[in-house]
Structures are given as C-alpha cells and as structure tokens.
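Enquirer: fold the following and give me the result.
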Amino acid sequence: MSKDKTNSAILIVLIAGILWSFGALVVRYIEDARSIPWQYLFFRGLTIFLLLNLYLFIKEGKSFVNNYKKIDLSVIIGGLGFATAFIGFIWSITHTSAAVTLMMLAAMPFMTAILGYIFLKEKISLTTFFSIIIAAVGITFMAFNSSQIGTLFGLMLGLLSSLGFSIGSVSLRWNKRTPTFTTVSLAGLFCVIISFTALIISEQNFFTTFKNSSLSALHGTLVCSGLILYSIGSKNLPAADLTLLSLTEVLGGIFWVWLPIFGINEVPTANTIIGGFIITFAILFYSLNTKRNRRFIGLN
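Expert: Below you'll find the model as predicted:
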C-alpha cells in the first residue's frame, strides 16, 4: 500500500471520528432531555435509515435494494445490536456525564474481542487480554462511588450501548458477505419501530419541539456522514490503527462539552478522569502493540 493512500485514509478516519465526537455536544443542547428520549431516538433513527439508503442509491442506483435480499439471521442480530447501542447511548448520556458515556464506548474493542472469542472462535492474544484487564480496572474505578452522584445508571447504560456495538460488529464478521450499511440501516429502522412502540405504550406525545427534532436529525446526519467516511478510510488501514484513531470520537466528545465556548462547561469528576486515563492507556497499549496486525476492515 502506498504511503499517500495510508495518509489519506488516516485523515478520512480522523474526520469521521471528529464528526461522531460532536454527537455528545448535540445531545447536550436538547431541551428537557430526560423527558423526550424516545422522540429523539425516533427522528434520529429515521434520519439514519433515510440518509444511508439515499447514499446507497447514489452509489449503486436502484440495485441497492438487492442488499436487502441478503438479510439473514446475522443481519437481524446485528441490526438489533446496533439499535440497542443507539438507544443505550442516548439514555446513558442523558443520565450521566458525556465523559462517562464515551469512556464506556471506548471499551467496545475489548467487548468485541471477548464476543469474537465466544461466538466466532477468534483467538485473544496476550496483548488483547492484558488490555481488557487494564480497561476493566478503569471501568471499575469510574463506577466506584458513582451511585452516590447518580451516575451508575448512566454508566451501566453506556456499557449496554458498548455491548450493542460489539454485537453488531461481531455479526458483521459472522457473515462478511452482508453489506455493512444494510445492517446499520436496518438498525435505524429498528430504532424507529422500538421508539414508536414505546411512545404508543407510554401514551406520550409523539412530537417534540422543532429544536429537539432538528437536533435529532443533525445527530443522525453526523452518524451517517461519519459512517460513510469511515467505510472509505477503513479499507486502507489495519484494525489496530482504526482502534487507535477511534479515540478521536471519545476524547473529542469530552472536549467539546467541556470547552466553555459552547456553553456546556461539563467538567468530568476526578474518578472519571482517572478511570478514563486508565481506559485510554489500555487502548493505546492495545493499538501500539498490535501494529503488525494487518487485518483490514472494509465496512462496505
């Protein structure tokens, strides 16, 4: 692979991570966020579903519908996994700090490794094993006394979101012939269906304010744009590099909600900072010690 292609891929994936990192900031601008998660998730899921299908139509023409003919059990499981991740993220970040939620998502590579070992018989290297232990220590440290400040619920939902992403990722490796965007698009549709059902059962107002609806659409657009860029760049980068670059989303998201210019001024607690540092170290240790792993990931 040429150096120019690698450098371009790194830049593209970095931009994808930066786009995703603004998701936490967008959520922080929601009005009365804890009372309208299902409305937000409905419009966000709908945006993801429509934009991904529009992208596929532009890229493949009318033949993009053939992707849905390849739907099997792995796609259903993957779609439900990613839908769980979407839902868990919103519920988590509206009940705890952005730092806690994002650091739980940073544990995703290690959860994926464990699930891959259990269901796909993929071996776990010593580097991965030690990284998982280090990350677990960080998560435990962040959870310590968190119930006293009301963040334990959000932390657990953040872990659920990370688990959902991991299930989705493993499902993609289960059947590599399935176009990735089909699974993610289906996840958006599942998110719409689940949110719609929850609103009907709870007899809540289906619509929220124009501002909240616009923010949910913006969030969905950021997710889709990042996915498209990530899929382009990931074809020319090994898995270890992608893991390292994923820190852009986590650290960027924490930075945006802290940066005073955006008016949120959310400062992480000492436990969160220390635990987050430990998790970040685990990711750096994993990435830097698996540089020779030349498994390439193409998301579509």
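
Enquirer: how about low-confidence regions in the protein?
Expert: 1-4, 145-150, 176, 237-244, 290-300 (pLDDT under 70).

Enquirer: can you map out the helices along it?
Expert: For the chain, the helices defined by DSSP state H cover 3-28, 37-60, 73-93, 98-105, 108-120, 126-143, 152-174, 180-202, 210-234, 239-245, 247-258, 270-288.

Enquirer: ranking those helices by burial, who's on top?
Expert: Across the helices of the chain, averaging neighbours per residue (mean count of other C-beta atoms under 10 Å) puts helix 98-105 on top, at a mean of 28. Yep, even glycine has a C-beta here, placed from its N, CA and C like the rest.

Enquirer: next, format the helices of the chain as CSV and append distance to Ile264.
Expert: Converted to CSV, the helices of the chain look like this (distance: least, C-beta to C-beta, whole Å):
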stretch, distance to Ile264
helix 3-28, 5
helix 37-60, 17
helix 73-93, 12
helix 98-105, 8
helix 108-120, 24
helix 126-143, 20
helix 152-174, 16
helix 180-202, 25
helix 210-234, 14
helix 239-245, 25
helix 247-258, 5
helix 270-288, 15
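
Enquirer: might you report the residue contacts of the nearest residue to Gly17 once chain neighbours are set aside?
Expert: Excluding the flanking residues, the one nearest Gly17 by C-beta to C-beta, 6 or more residues apart in numbering is Thr248, at 3.0 Å. Neighbouring residues of Thr248 by C-beta atoms under 8 Å, 6 or more residues apart in numbering: Leu14, Gly17, Ile18, Trp20, Ser21.

Enquirer: now flag whichever of these is closest to Lys59.
Expert: Trp20 (20.8 Å; C-beta to C-beta).

Enquirer: tell me which residues touch Ile194, please.
Expert: Leu41, Ala83, Ile87.

Enquirer: of the helices of the chain, which is nearest Asn67?
Expert: Closest approach to Asn67 among the helices of the chain (C-beta to C-beta): helix 180-202, 4.4 Å.

Enquirer: off-centre distance for that closest one?
Expert: On the basis of C-alpha atoms, centre = their mean, to the nearest Å, helix 180-202 sits 16 Å off its chain's mean C-alpha point.

Enquirer: got the angle between it and helix 152-174?
Expert: 140 degrees (axes from the mean of the first three to the mean of the last three C-alpha atoms, to 10 degrees).

Enquirer: Ile71 and Arg177 touch, don't they?
Expert: No - using C-beta atoms under 8 Å, Ile71 makes no contact with Arg177, being 11.6 Å away.

Enquirer: more neighbours: which of those two?
Expert: The residue with more neighbours, out of Ile71 and Arg177, is Ile71; 14 against 7, by other C-beta atoms under 10 Å.

Enquirer: what about the more buried one, distance to Ser185?
Expert: Distance, Ile71 to Ser185, by C-beta to C-beta, to the nearest Å: 11 Å.

Enquirer: chain center to stretch 95-106, what's the gap?
Expert: Worked out by C-alpha atoms, centre = their mean, stretch 95-106 lies 11 Å from the chain centre.

Enquirer: oops, could you answer that again for stretch 202-214 instead?
Expert: With C-alpha atoms, centre = their mean, you get 24 Å for stretch 202-214.

Enquirer: between the two ends of it, how far is it?
Expert: 23 Å (C-alpha to C-alpha, to the nearest Å).

Enquirer: cool, stretch 63-71 as well?
Expert: 15 Å.

Enquirer: state the distance from the closest residue in space to Thr94 that isn't next to it in sequence to Leu159.
Expert: Nearest non-adjacent residue to Thr94, counting by C-beta to C-beta, 6+ apart: Ala33, 4.4 Å away. Distance, Ala33 to Leu159, by C-beta to C-beta: 20 Å.

Enquirer: can you check Ile194 too?
Expert: Ile194 is 19 Å from Leu159, by C-beta to C-beta.

Enquirer: need the residues that contact stretch 253-264.
Expert: 20-25, 28, 98-99, 102, 265-268, 276.

Enquirer: of these, which is the nearest to Lys211?
Expert: For the contacts of stretch 253-264, the nearest to Lys211 is Arg28 (12.8 Å; C-beta to C-beta).

Enquirer: excluding its backbone neighbours, what's nearest the closest one?
Expert: Leaving aside its sequence neighbours, Arg28 sits nearest to Ile264 (C-beta to C-beta, 6+ apart; 4.9 Å).

Enquirer: run a quick neighbour tally on that neighbour.
Expert: There are 16 residues near Ile264, going by other C-beta under 10 Å.
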